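Novice: Sequence and predicted model, in that order:
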Amino acid sequence: MRHIDDAERRARLAVRHGLHPAHRLADPVAVTRAMTVLHATEPATVHLAVHARTEGVSPEDVDAALYEDRSLVKQLAMRRTLFVFPRDLLPATLGSASARVAAEQRRVIARDIEKHGVADDGAAWVDAAASAVLAHLARSGPLSARELRERVPELTGSMTVNLDKKYGGTFQIGPRVLTMLGAEGRISRGPNAGHWRINRPTWTLADAWLGERPAPLTSDEGYAELVRRWLTTFGPGTVEDVQWWLGSTKAAVRSALAALDAVEVSLDGGQVGWVLPGDEEPVPDPGPWAALLPTLDPTTMGWKGRGFYLDPADVPYLFDTNGNAGNTAWWGGRIVGAWVQDDDGAVRVVPHRDVGAEGRAALDAEAARLTAWLGGTRISNVYSNALMKQARLP
């Protein structure tokens, strides 16, 4: 069995993720394909993830791919998380990961409709609300969630929960219906009504936004294609890595690996990993590199087992209690700290590991590159890690 040690895994990461300066990528679509998908929970992550892997690509270029060319599409998928997909990958996720999320959302909304007294028949309420949204969007074109709620009476309804908790309160059910329809691939996130760093989506019919609604693959075909792309980007990885990333079952992962004729390899620590057939050849170390990656970057969040690029002792400083990564600073294939911006928008590295003079100089150069690219734009973060919070204290 071929052995791929941690050093080679870091080399693969540097080359395939476009993070080593000699391996940067051409444009937003090339970046997204290289990474399989980009996290989009925080809107700025998409643009910052592209910047980290390219030269000469502006925020406007990313917006053009999303909202003009529509070669990249936002889609709710794995682990009920919003991602940016290359357009040709939509059929795979709509038949598998997104379908799984959509079915669960439909069930939970119907349950809550009945539980909170909005209607006696939750399933019928969901069907009526969904049909009304689709009919209205067919006449109106793109609308925000608030506009739809105001114009579509069938979306009326709210629920009050957890008033004794800081996250409790009264919440409208309408946005959850839109999320479900998006996961089903029946509506799409259309033009963003705010700056690229702010999430203000409008909703539109998927066939109007994309020209035609993508035809979903079967579940097995969809999962196999997602796993194939994942192995291209992140391989080698364990069954647990793939299962966590997909938000699926081990059975689905094993079935996909078998369909792909994936090859077993041994990893440091006695684990078994998987690569695609023909991907067993060694990848040489490309040399030192530094990178500043955004909150929830796909490299940081690509594996469940992160020991080959992250010291376990650093996790409390770099991830929140739910496992969400904040901004990270990388040197030589390892996370060594975080980064923040000052009041003027200048990027500053917050080290947590000694990287020596060479590493510090390389990280400072990346900070200067990112500062220039942002041009004074300040990024806010929902998922700030402890290092980021400490660095921002007066």
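Specialist: Thanks, I have the structure now.
Novice: in the chain, which strand has the most residues?
Specialist: The longest strand of the chain (DSSP state E) is strand 334-341.
Novice: Buried residues in the helix or strand just after that one, which are they?
Specialist: Using DSSP states H and E, the next helix or strand after strand 334-341 towards the C-terminus is strand 347-351. Neighbour-count burial for strand 347-351, counted by 16 or more other Cβ atoms under 10 Å, picks out V347, V349, V350, P351. Using the backbone N, CA and C atoms, a C-beta is placed for each residue, glycine as well.
Novice: The last one touches T328, doesn't it?
Specialist: No: when contacts are counted by Cβ atoms under 8 Å, P351 is not listed as touching T328 (11.4 Å).
Novice: shared neighbours, these two?
Specialist: G337 (Cβ atoms under 8 Å, 6 or more residues apart in numbering).
Novice: Can you pull the domain assignment for the protein?
Specialist: Following automatic domain parsing, the chain resolves into domains at 1-43+218-394, 97-210.
Novice: Out of those, which gets nearest to R79?
Specialist: Between R79 and those, the shortest gap by Cβ to Cβ is with domain 1-43+218-394, which sits at 3.7 Å.
Novice: all helices for the stretch 151-300 of the chain, in order.
Specialist: Remark: helices assigned in the stretch 151-300 of the chain by DSSP state H, counting those that start in this stretch are 174-183, 206-210, 219-234, 239-246, 250-259.
Novice: Turn those helices into a markdown table, columns for mean pLDDT, distance to L137 and mean neighbour count.
Specialist: A markdown table is the format used below for these (pLDDT from 0 to 100; distance: least, Cβ to Cβ, whole Å; neighbours: other Cβ atoms under 10 Å):
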| stretch | mean pLDDT | distance to L137 | mean neighbour count |
| --- | --- | --- | --- |
| helix 174-183 | 95 | 9 | 23 |
| helix 206-210 | 95 | 8 | 18 |
| helix 219-234 | 98 | 25 | 22 |
| helix 239-246 | 97 | 30 | 21 |
| helix 250-259 | 97 | 32 | 17 |
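Novice: contacting residues around the residue nearest to K74 when sequence neighbours are not counted?
Specialist: Leaving aside its chain neighbours, K74 sits nearest to R189 (4.4 Å; criterion: Cβ to Cβ, 6 or more residues apart in numbering). If a contact means Cβ under 8 Å, 6+ apart, then R189 has V73, K74, G182, P201, T202, W203 as its contacts.
Novice: how about the CA coordinates for stretch 320-340, as PDB?
Specialist: Extracted C-alpha coordinates of stretch 320-340, given in PDB (Å, rounded to 0.1, in the frame of the first residue of the first chain):
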ATOM      1  CA  ASP A 320     -15.100  28.600  17.800                       C
ATOM      2  CA  THR A 321     -16.900  26.100  20.100                       C
ATOM      3  CA  ASN A 322     -19.000  24.800  17.100                       C
ATOM      4  CA  GLY A 323     -15.900  24.100  15.000                       C
ATOM      5  CA  ASN A 324     -16.100  27.100  12.700                       C
ATOM      6  CA  ALA A 325     -12.700  28.500  11.700                       C
ATOM      7  CA  GLY A 326     -11.900  32.200  11.800                       C
ATOM      8  CA  ASN A 327      -9.300  34.000   9.700                       C
ATOM      9  CA  THR A 328      -6.100  31.900   9.600                       C
ATOM     10  CA  ALA A 329      -2.400  32.600   8.800                       C
ATOM     11  CA  TRP A 330      -0.400  29.700   7.200                       C
ATOM     12  CA  TRP A 331       3.300  29.100   6.900                       C
ATOM     13  CA  GLY A 332       4.800  26.100   5.200                       C
ATOM     14  CA  GLY A 333       1.500  24.200   5.100                       C
ATOM     15  CA  ARG A 334       0.500  24.700   8.700                       C
ATOM     16  CA  ILE A 335      -1.800  27.100  10.500                       C
ATOM     17  CA  VAL A 336       0.400  29.400  12.600                       C
ATOM     18  CA  GLY A 337      -2.000  32.200  13.700                       C
ATOM     19  CA  ALA A 338      -4.700  34.500  12.500                       C
ATOM     20  CA  TRP A 339      -5.100  37.900  10.900                       C
ATOM     21  CA  VAL A 340      -7.200  41.000  11.600                       C
END
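Novice: how close does G359 get to P288?
Specialist: Between G359 and P288 the computed distance is 8 Å (Cβ to Cβ, to the nearest Å).
Novice: now F83
Specialist: F83 is 30 Å from P288, by Cβ to Cβ.
Novice: picking up where we left off before, can you name the residues bridging to the residue nearest to K74?
Specialist: Counting by DSSP bridges, R189 forms beta bridges with W203.
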